[in-house]
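Chemist: have a look at this prediction, sequence included:
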Amino acid sequence: MTNTQQNHLEQLKRAELFNGRAAMLGLVIGVVVEGLTGFGIAHQIGLGALVDGYAACRTQFLPFCF
């Protein structure tokens with residue numbers, strides 16, 4: 001393996017570690033905000049209508065109704 005390939009693999013490893021840590025941090029923040037406000041993560045990011053059921057059936061985003 002050449003030096004350039006090794007450098008590239010090291011950069012990919014650092015990027016993946018950063019992405020994984022950012023995802024874990026985002027999930028923890030979402031859970032904390034849910035605990036404080038009572039709104040789930042889907043509601044926090046604007047997808048609450050999909051999990052509420054009524055709007056999902058009306059817009060046919062889901063193949064079933066609640």
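Modeler: All right, it came through fine.
Chemist: can you give me the distance of G40 to V32?
Modeler: 13 Å (C-beta to C-beta, to the nearest Å). In this view, the C-beta of every residue, glycine as well, is placed from N, C-alpha and C.
Chemist: of these two, which one has the most company?
Modeler: Set G40 next to V32 and count neighbours by other C-beta atoms under 10 Å: G40 wins out with 15 against 10.
Chemist: next structured bit after the longest helix that the chain contains?
Modeler: Selection of the longest helix in the chain by residue count, based on DSSP state H, yields helix 3-37. Downstream of helix 3-37, the next assigned helix or strand under DSSP states H and E is helix 41-44.
Chemist: now for whichever helix or strand comes after that following helix, which elements pack on it?
Modeler: Using DSSP H and E, the helix or strand that follows helix 41-44 in sequence is helix 48-52. Applying 3 or more C-beta pairs under 8 Å, 6 or more residues apart in numbering; DSSP states H and E, we find helix 48-52 packed against helix 41-44, helix 54-59.
Chemist: where among those is average confidence lowest?
Modeler: When the helices and strands packed on helix 48-52 are compared on mean pLDDT, helix 54-59 scores lowest, with a mean of 60.
Chemist: other residues contacting stretch 16-32?
Modeler: Stretch 16-32 is contacted from outside by I41, Q44, using C-beta atoms under 8 Å, 6 or more residues apart in numbering.
Chemist: in it, which residues are buried?
Modeler: Using 16 or more other C-beta atoms under 10 Å as the test for burial, stretch 16-32 gives G30.
Chemist: how far does it sit from its chain's centre?
Modeler: The chain centre lies 9 Å from the centre of stretch 16-32; the measure is C-alpha atoms, centre = their mean, to the nearest Å.
Chemist: how about stretch 38-47?
Modeler: Stretch 38-47 sits 11 Å away from the centroid of its parent chain (C-alpha atoms, centre = their mean).
Chemist: span of it from start to end?
Modeler: From its first residue to its last, stretch 38-47 covers 15 Å (C-alpha to C-alpha, to the nearest Å).
Chemist: and the contacts of that stretch?
Modeler: Contact partners of stretch 38-47, identified using C-beta under 8 Å, 6+ apart, comprise G30, V31, V33, E34, T37, G48, L50, V51.
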